[in-house]
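Engineer: The following block contains a protein sequence and its predicted model.
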Amino acid sequence: MLVPVDFSSPSLDALEYAIQVVDRFGAKLTIVHILEPIYFDLELGLGRIEQEVQKRTHWETQLDGLAQVVRVRGLAAGSVVLGGIPSELIVTYARGQCCDLIVMGTHGRRGLTRLRYGSVAESVLRQAPCPVLTVRSPKFTADHSRMMPLSVAEP
């Protein structure tokens with residue numbers, strides 16, 4: 001099972017939901033974070049490139065922390081940070097790893113907002129090599145003990 005995480009609330013909610021599925025069916029969970037490409041221009045200098053390396057290290061640590069929370073429960077989980085265009089890499093990675101399911105959060109944007117920002121989930125749905133479960137706002141039982149944080153701080 002592949003769970004793309006951009007550390008937004010919807011993606012962390014989707015991860016929370018995916019853990020419940022993994023726990024029930026004994027699947028392996030892979031959490032992936034995509035770092036969008038740096039666009040090189042005249043103002044991009046060595047300092048900016050160094051910041052990007054620090055960001056990657058930060059997000060690798062954060063992602064491994066999320067995977068560790070899953071592993072502590074006795075479930076199989078791994079994490080990977082990739083660089084590129086999110087929807088393309090999610091589909092490519094899922095295909096390369098022969099994933100059986102992609103679970104991802106969605107903001108549920110409509111109209112002009114969706115046109116302006118695009119929809120990674122929609123693009124993945126159209127191209128995925130396996131079923132895609134989108135999670136907008138999961139509903140858990142009243143006694144559900146949340147494992148994933150509600151947010152993660154940026155560097």
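Structural biologist: Received it, and whenever you're ready, just let me know what you need.

Engineer: List the buried residues for the helix ranked longest in the chain?
Structural biologist: Using DSSP state H to define each element, the chain has its longest helix at helix 46-72. For helix 46-72, the neighbour count (16 or more other Cβ atoms under 10 Å) marks 59, 62-64, 66-67, 69-70 as buried. C-betas here are computed from N, CA, C, even on glycine.

Engineer: need the helix or strand of this structure with the lowest average pLDDT.
Structural biologist: Taking mean pLDDT, DSSP states H and E as the measure, helix 111-117 is the helix or strand of the chain with the lowest mean score, a mean of 47.

Engineer: Residue 21 is in contact with residue 14, isn't it?
Structural biologist: No. Residue 21 lies out of contact with residue 14 (Cβ atoms under 8 Å); the separation is 10.4 Å.

Engineer: Might one say that residue 14 is in contact with residue 103?
Structural biologist: Yes. Residue 14 is within contact range of residue 103, at 5.4 Å (criterion: Cβ under 8 Å).

Engineer: Looking at these two, which is more packed in?
Structural biologist: More neighbours surround residue 14 than the other of residue 14 and residue 103, with 26 against 23 (other Cβ atoms under 10 Å).

Engineer: Would you mind writing the CA trace of whichever helix or strand residue 24 is part of as PDB?
Structural biologist: Taking DSSP states H and E as the criterion, residue 24 maps to helix 9-25. These are the backbone C-alpha positions of helix 9-25, laid out as PDB (Å, rounded to 0.1, in the frame of the first residue of the first chain):
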ATOM      1  CA  SER A   9      -3.900  17.700   7.300                       C
ATOM      2  CA  PRO A  10      -5.700  15.700   4.600                       C
ATOM      3  CA  SER A  11      -2.600  13.600   3.800                       C
ATOM      4  CA  LEU A  12      -2.000  12.900   7.500                       C
ATOM      5  CA  ASP A  13      -5.600  11.900   7.900                       C
ATOM      6  CA  ALA A  14      -5.200   9.500   4.900                       C
ATOM      7  CA  LEU A  15      -2.200   8.000   6.600                       C
ATOM      8  CA  GLU A  16      -4.200   7.500   9.800                       C
ATOM      9  CA  TYR A  17      -6.900   5.800   7.700                       C
ATOM     10  CA  ALA A  18      -4.300   3.600   5.800                       C
ATOM     11  CA  ILE A  19      -2.800   2.400   9.100                       C
ATOM     12  CA  GLN A  20      -6.300   1.000  10.000                       C
ATOM     13  CA  VAL A  21      -6.400  -0.800   6.700                       C
ATOM     14  CA  VAL A  22      -2.900  -2.200   7.000                       C
ATOM     15  CA  ASP A  23      -3.600  -3.300  10.600                       C
ATOM     16  CA  ARG A  24      -6.700  -5.200   9.500                       C
ATOM     17  CA  PHE A  25      -5.300  -6.800   6.300                       C
END
